[in-house]
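Structure here, sequence nowhere to be found:
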Ligand SMILES: Nc1ncnc2c1ncn2[C@@H]1O[C@H](COP(=O)(O)OS(=O)(=O)O)[C@@H](OP(=O)(O)O)[C@H]1O
């Protein structure tokens, strides 16, 4: 069974940019293959900026390094390449479907291509994936040899065929492995409401609709937001966007329909979520979120603001080694103890200041504060409270976590998409730069009144002193 002309073309429509983002599975997961005229293409818009591929590792993308818009480059047609030399093209294959498959690829073991019924030209272009292609997700990378690229191609192939073929018959599939919802999603819908899929009761229709989120993790940067999102999405009643959409801060002009198109498909009983930590310090975000829905539940992961600032600085330093010292940036006048509140790393930690904007639109009962510290020492306890807040059964419990000594953090025994244990990526749980203890003391003094006011406002003592 050879590919039709259309299918052949589809494989040649890949972009350089997408290749660079091949490690951004979740962001890609919102792209949708589209048939445009006679060719296969990607629904695309220009990105605000393009992160380097190496900044987008582990399937977890940092806000700064992997903005959602970055993947939305207009596709370039790669011409003149014969199909049987398309390995690089395959690695640039450009759709959500494809990248989602990456997550499942550890469920396959090669050889797989012959089981696909692909033509020999395509089979020869496939290869056994390297272990790191299995998703690069911490300890799960030890899984079966995996064909990330092959898996993508398979997904594309299946998508083009317009049906969901059974998973590879000759491949080992781990029990419990399941395809991510939204994997076979069509292009972005119209208005901001639900977008149910047309269907005949099989395939995508089973996956539900794209809905605007009912709950958001709005902050704070470096508080532990990724951990909360990855932990909560294990819950069967929660589906979440993997990358940070930055809709309410950077992309608001794109409209709710665009935003909704990024969402995973959910059933009516499921909660759609996303996390973008910068919302918490974005002046317009509370009003914009309120305008989307006044019932939106808000989660804020807070952490000792001094440690948070150092974490923030450590992250920036890892990308820009030439920046001034933390000590230098923290003060307008160090000897006078005058802290520079215009520096974002400092300003973000003045939680009570930012909270005021939220309280103008949302009652406190609609905002849940997670302790970033307890999230590390007692993840199940903190996640229990998150589940209560979301009004869902306490499914995520102690038995979902184990402490990974190498990582020094709690990790998941299994995830939403994999039965392998998984820790967060390298950018989570970094060793912090050493800071002059005197500066730390000065910053503690600076934050104390803000912290106290914050505890009073939210009725919770986070014990950062
Ligand atoms: N289980 C687990 N594994 C790894 N890391 C964990 C975990 N729980 C909380 N944390 C803490 O999360 C901090 C990163 O916070 P965020 O995910 O909010 O960062 S970001 O704003 O999205 O960049 C990160 O900060 P650093 O330690 O400074 O890197 C971690 O301390």
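Received the coordinates, thanks. Since the structure is predicted, the reported quantities are computational estimates derived from the model, not experimental observations.

for the longest helix belonging to the chain, which positions count as buried?
In the chain, assigned by DSSP state H, the helix with the most residues is helix 437-458. Of the residues in helix 437-458, 439-440, 442-443, 446-447, 451, 454-455, 458 count as buried by neighbour count, 16 or more other CB atoms under 10 Å. All C-beta atoms are positioned from the backbone trio N, CA, C, and that covers glycine.

per-residue pLDDT, the nearest residue to residue 272 once chain neighbours are set aside?
Distances taken as CB to CB, 6 or more residues apart in numbering place residue 213 nearest to residue 272, at 4.5 Å, with adjacent residues excluded. Residue 213 is assigned 98 on the pLDDT scale.

you'd agree residue 213 is in a helix?
No. Going by DSSP: H, G, I helix; E, B strand; the rest coil, the assignment for residue 213 is coil, not a helix.

Give the burial count for it, as a bare number.
27 (other CB atoms under 10 Å).

where do the strands sit along the stretch 351-465 of the chain?
For the stretch 351-465 of the chain, the strands defined by DSSP state E, counting those that start in this stretch occupy 367-371, 401-404, 409-412.

Also near the ligand: which of the buried residues of helix 437-458, exactly?
Near the ligand, taking CB under 6 Å from any ligand atom as the test, no member of those is found.

Looking at those, which one is closest to the ligand?
Closest to the ligand out of these is residue 440 (14.5 Å), distances taken as CB to the nearest ligand atom.

thinking again about what came up before, these two touch, right, the residue nearest to residue 272 and residue 296?
Yes. Residue 213 is in contact with residue 296 according to CB atoms under 8 Å; the separation is 7.1 Å.

Identify each of the strands in the stretch 201-350 of the chain and give its residue range.
In the stretch 201-350 of the chain, the segments counted as strands under DSSP E, counting those that start in this stretch are 209-210, 215-219, 238-240, 265-266, 271-275, 297-302, 331-333, 338-339.

quick one: which of the strands of the stretch 351-465 of the chain is nearest the ligand?
It's strand 409-412; of those, that one is closest to the ligand (CB to the nearest ligand atom) at 3.4 Å.

Check which residues of stretch 427-434 are buried.
With burial defined by 16+ other CB under 10 Å, the residues of stretch 427-434 counted as buried are 427-429.

Out of the buried residues of helix 437-458, which comes closest to residue 326?
Residue 326 has its nearest neighbour among the buried residues of helix 437-458 in residue 439, at 7.2 Å by CB to CB.

and the closest one, what does it touch?
326-327, 330, 334 (CB atoms under 8 Å, 6 or more residues apart in numbering).

Okay, it and residue 337: tell me how far apart.
Distance of residue 439 to residue 337, given as CB to CB, to the nearest Å: 10 Å.

And for residue 310?
18 Å.

Ok, residue 447 next?
For residue 447 relative to residue 337 (CB to CB), the value is 13 Å.

And for residue 239?
Residue 239 is 47 Å from residue 337, by CB to CB.

of the two, who's got more company?
The neighbour count for residue 239 versus residue 337, taken as other CB under 10 Å, is higher for residue 239 (26 against 12).

Quick check: closest non-adjacent residue to that one.
By the measure of CB to CB, 6+ apart, the closest residue to residue 239 outside its immediate chain neighbours is residue 264, 4.3 Å from it.

That neighbour contacts residue 241, correct?
Yes. Between residue 264 and residue 241 there is a contact at 6.5 Å, judged by CB under 8 Å.

More neighbours: which of the two?
Neighbours per residue (other CB under 10 Å) separate residue 264 from residue 241, with residue 264 holding more: 28 against 25.

Please report phi then psi for that one.
The phi/psi pair for residue 264 (degrees, to the nearest 10) reads phi -70, psi 160.

doesn't residue 410 make contact with residue 421?
No. The pair residue 421 and residue 410 fails to qualify as a contact (CB under 8 Å) at a distance of 10.8 Å.

before we move on, the earlier item: measure the residue nearest to residue 239 to the ligand for me?
According to CB to the nearest ligand atom, to the nearest Å, residue 264 stands 19 Å off from the ligand.

Please apply the same query to residue 237.
For residue 237, the distance to the ligand - CB to the nearest ligand atom - is 21 Å.

Give me the pLDDT for that residue.
With respect to pLDDT, residue 237 has a value of 97.

For it, which non-adjacent residue is spatially closest?
In space, residue 237 is closest to residue 392, 4.7 Å off (CB to CB, 6+ apart).

Look up phi and psi at that neighbour.
phi -120, psi 160.

Tell me how many other residues crowd it.
Residues near residue 392, counting by other CB under 10 Å, number 19.

contacting residues around it?
For residue 392, the contacting residues are 235, 237-238, 271, by CB under 8 Å, 6+ apart.

how about a cut-off of 10 Å?
Contacts were defined as CB atoms under 10 Å, 6 or more residues apart in numbering; by that measure residue 392 touches 215, 232, 235-238, 269-271, 386.

Same question for residue 358.
Counting by CB under 10 Å, 6+ apart, residue 358 has contacts 218-219, 279-280, 285-287, 289-290, 298, 300, 364, 366-367.

re earlier: TSV for the strands of the stretch 351-465 of the chain, including mean neighbour count?
Formatted as TSV, the strands of the stretch 351-465 of the chain follow (neighbours: other CB atoms under 10 Å):
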stretch	mean neighbour count
strand 367-371	21
strand 401-404	16
strand 409-412	22
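
got JSON lines for those, with distance to the ligand and mean pLDDT too?
Below are the strands of the stretch 351-465 of the chain laid out as JSON lines (distance: least, CB to the nearest ligand atom, whole Å; pLDDT from 0 to 100):
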{"stretch": "strand 367-371", "distance to the ligand": "10", "mean pLDDT": "98"}
{"stretch": "strand 401-404", "distance to the ligand": "8", "mean pLDDT": "97"}
{"stretch": "strand 409-412", "distance to the ligand": "3", "mean pLDDT": "98"}
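
for the ones you listed, which one sits closest to residue 306?
The closest of the strands of the stretch 351-465 of the chain to residue 306 is strand 367-371. By CB to CB, the value is 15.1 Å.

any idea of the angle that closest one forms with strand 297-302?
30 degrees (axes from the mean of the first three to the mean of the last three CA atoms, to 10 degrees).
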